[in-house]
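[1] The following comprises the amino acid sequence and a computationally predicted model.
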Amino acid sequence: MKIGIFGGTFNPPHMGHLIVAERVRTGLGLEKIIFIPSYISPHKQEGESDLAEERLAMTELAVLSNEKFECSDIEVTKKETSYSLHTLEYLMGQYPEDSFYLIIGMDNYLTFHLWKEPKKILELTTLVVMNRPGYAKQINKIIGTDNIVFVDVPSVDISSSEIRQRIREKRSIHTLVPDNVEEYIVSRGLYL
């Protein structure tokens, strides 16, 4: 089976995440995509772990709308900095007959050489690089293009930081996140 791995903070998960993941899935003929919220991303802000369980719950809700999507708690339950290499090694142990496609944006591809053991990651998986608004398509000369696939996805002008800001300003987030995620955010009083 061809499995996509889509990691991120998902703080919160939004329609843009679902749209680009489906485009990658259909474009590459993947059987499923596993969304993996990080506990603490090595590339993101401090304080993420405070909402780790909430982000996991919201991501689980967000993927319910697509039977080809699922959510894994592997990084949240480890309660430590999340490294793609460790996650891939774990998944390969769980699915030894399957092939993996690690989905990242152009912004992450351009700094991929700074990740933990990037060459090892490229031995374990095909790297799928999605275009991102504000980032021109270019080659990371340090890692090249071996075992890397570039996929054009729709440019969806939604960001988690914008959603958090809208909530703080008491503005609507309807249509930016799935309805069940919006209900969860409201019921838990998140991002106020």
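    All right, it came through fine. Numbering: from 1, shown residues only.
[2] show me what contacts residue 69?
    Contact analysis of residue 69 by Cβ atoms under 8 Å, 6 or more residues apart in numbering lists 18, 21, 32-35, 63. No exception for glycine: its C-beta is placed from N, CA and C like everyone else's.
[3] right, and out of those residues, which lies closest to residue 9?
    residue 35 (11.3 Å; Cβ to Cβ).
[4] ok but the closest one is inside a helix, no?
    No: going by DSSP: H, G, I helix; E, B strand; the rest coil, the assignment for residue 35 is strand, not a helix.
[5] Next up, the contacts around it.
    6-8, 10, 13, 17, 21, 59, 62-63, 69-72.
[6] want to throw the residues you listed into JSON lines with secondary structure?
    Conversion of the contacts of residue 35 to JSON lines gives the following (three-state DSSP):
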{"residue": "6", "secondary structure": "strand"}
{"residue": "7", "secondary structure": "strand"}
{"residue": "8", "secondary structure": "strand"}
{"residue": "10", "secondary structure": "coil"}
{"residue": "13", "secondary structure": "coil"}
{"residue": "17", "secondary structure": "helix"}
{"residue": "21", "secondary structure": "helix"}
{"residue": "59", "secondary structure": "helix"}
{"residue": "62", "secondary structure": "helix"}
{"residue": "63", "secondary structure": "helix"}
{"residue": "69", "secondary structure": "strand"}
{"residue": "70", "secondary structure": "strand"}
{"residue": "71", "secondary structure": "strand"}
{"residue": "72", "secondary structure": "coil"}
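[7] out of these, who's nearest residue 113?
    For the contacts of residue 35, the nearest to residue 113 is residue 7 (17.7 Å; Cβ to Cβ).
[8] State the number of residues packed around that closest one.
    23 (other Cβ atoms under 10 Å).
[9] correct me, but it touches residue 39?
    No: checked against Cβ atoms under 8 Å, the pair residue 7 and residue 39 is beyond contact range at 10.8 Å.
[10] which neighbours do the two share?
    In contact with both residue 7 and residue 39: 75, 82, using Cβ under 8 Å, 6+ apart.
[11] What's the end-to-end length of stretch 139-158?
    End-to-end distance for stretch 139-158: 25 Å, by Cα to Cα, to the nearest Å.
[12] For that stretch, buried residues please.
    140, 143, 148, 151, 153, 156 (16 or more other Cβ atoms under 10 Å).
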